[in-house]
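Predicted model and sequence below, questions to follow.
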Amino acid sequence: MEIGCLSVSHKNAKVEEIERVAREDYFLPIISSFPFQEVAYILTCNRFEVYAFGFSLQENLKNLSKRLGVESVAEIYVGEDCLRHLMRVCAGIESMIVGENEILAQVKTSFQKCERRGLAGENLKRVFSKSLQVGGKVRRETAISKGALSIGSAAVELAERVLGSLGGKKVLIVGAGEMGELVAKAIRNNVETILIANRTFSKAEALAKRLNGIAVRFDRLQEYLKVCDVVISATSAPHIVISRQTVENAMRHRDKKLVIIDIALPRDVEDSVKELKNVELFTIDDLRAISEENMKKREQEIKKAEEIIEEELMHFKVYLKDLEAKKAISAMYGLAGRFVDEEVDELYRELSKLGLGEEIKPLLRAFAISLIKKFLSEPTMRLKLAARNGEFELIDSILKVFGDGNVPQHADEKIAEGERKGIIQGNKAQS
């Protein structure tokens, strides 16, 4: 089995294309129709990715892209390329705003959600945990996030480009969730007043209290559109939150320009709002120019981050190879252990004819176990070396010859247990 990824992101897709497919009620039934062993997905405002563990992933993920209707904009990564891609995502290299920090929490939250639903298992957990660890290391050891722009602060910069300084301006944040809070934190020191609206007023009050803002009623949005200079909408609503009619009514009572930045997915603001006089509407797509500028500034940091990723990827591949060797080693010891009881009993029957009693059985068992461990010690070392050298044909052959290593309940487990401890201790010594 192998790991693979289907990625639809800002690199190739427009916000409308991501928006169309990034709905759980749409993609989950389709994904469940494929023979994946494990699945995890990542959803952000500019990324939809499906990670799968199973067989024939190149073919299955290609067919999945067709079923989802994203074949023309999807990228598919399998095996080592998939591992590298997820590490790059966690490191912030693949983000629209290079080095943004939010992606780490988003990946972690997405995976935990899939794990709770029973979609993801130990194999994907191993990969996601390592990638999150690498993402943290990149940020500690490079300056890729130093002064880096998040989606929230990019929206702030966009507003400044349109209006100039935000000093003395009033800003309305629609949505008191994670992204709304990030935007509010990014902008609070730049403006005169920050208003926060949310359907659940208590959430707006709580955020306003933390950020020294003002909570306003969601059902009075039109009233506050009349007095604010910038509106940044970041709700998680599945429908339009700010309609053309609402904005049109508000603009009848003001002459100055209104900047609306919609960073929600699905979008919060009706697209035709951009046709209104003195209204400028921006979406995630409009942040691409800022992302490109950021990319140029951080090329050197990206190079450092990629070096860390390649080094960590190499170590992780060795670890995965050790796991493959462990399967084959367990198979050998497991098969040998199946016959211990049977052979000890048979030998005891012969020895009992010579007058030996039951007390000899523990000695016979200990001898059998010791003999097996010594006999298999050399093959064990050769299998570990084969795994490190990528000689998986040998490991596959051992698995075919010795089976899958499952020991029946009646068999002695001390042999396999002792060898497993040896493997684990060896791994710890090398890590």
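Arrived safely. None of the values given here were measured: they were computed from a predicted structure.

List the contacts of the residue nearest to the spatial centre of the chain.
In the chain, the centroid-proximal residue (CA atoms, centre = their mean) is residue 107; its distance is 3.5 Å. Under the criterion of CB atoms under 8 Å, 6 or more residues apart in numbering, the contact list for residue 107 reads 42, 89, 90, 128, 131, 132, 135. Heads up, the C-betas are built off the backbone N, CA and C, glycines and all.

Just the element for it, please.
helix 102-116 (DSSP states H and E).

what does residue 197 give?
Going by DSSP H and E, residue 197 is part of strand 193-198.

Okay, buried residues for that strand please.
194, 195, 196, 197, 198 (16 or more other CB atoms under 10 Å).

Could you export the residues you listed as a markdown table, including distance to residue 153 and pLDDT?
A markdown table is the format used below for the buried residues of strand 193-198 (distance: CB to CB, whole Å; pLDDT from 0 to 100):
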| residue | distance to residue 153 | pLDDT |
| --- | --- | --- |
| 194 | 14 | 93 |
| 195 | 19 | 95 |
| 196 | 17 | 96 |
| 197 | 20 | 96 |
| 198 | 21 | 96 |
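
avg pLDDT for whichever helix or strand comes after the helix holding residue 107?
Toward the C-terminal end, the helix or strand that comes next after helix 102-116 (DSSP H and E) is helix 122-141. Helix 122-141 carries an average pLDDT of 96.

Can you name every helix or strand that helix 122-141 contacts?
Helices and strands touching helix 122-141, by 3 or more CB pairs under 8 Å, 6 or more residues apart in numbering; DSSP states H and E, are strand 2-9, strand 38-44, strand 47-54, helix 80-91, helix 102-116, helix 299-338.

Put together TSV for those, with mean pLDDT and distance to residue 377 on each row.
Output for the helices and strands packed on helix 122-141, formatted as TSV (pLDDT from 0 to 100; distance: least, CB to CB, whole Å):
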stretch	mean pLDDT	distance to residue 377
strand 2-9	96	31
strand 38-44	95	34
strand 47-54	96	32
helix 80-91	97	31
helix 102-116	95	38
helix 299-338	86	10
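
Could you dump these into TSV with distance to residue 385 added?
Converted to TSV, these look like this (distance: least, CB to CB, whole Å):
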stretch	distance to residue 385
strand 2-9	23
strand 38-44	29
strand 47-54	26
helix 80-91	21
helix 102-116	33
helix 299-338	9
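
Mind checking those for the one nearest to residue 146?
Ranking the helices and strands packed on helix 122-141 by their distance to residue 146 (criterion: CB to CB) puts helix 299-338 first, at 8.1 Å.
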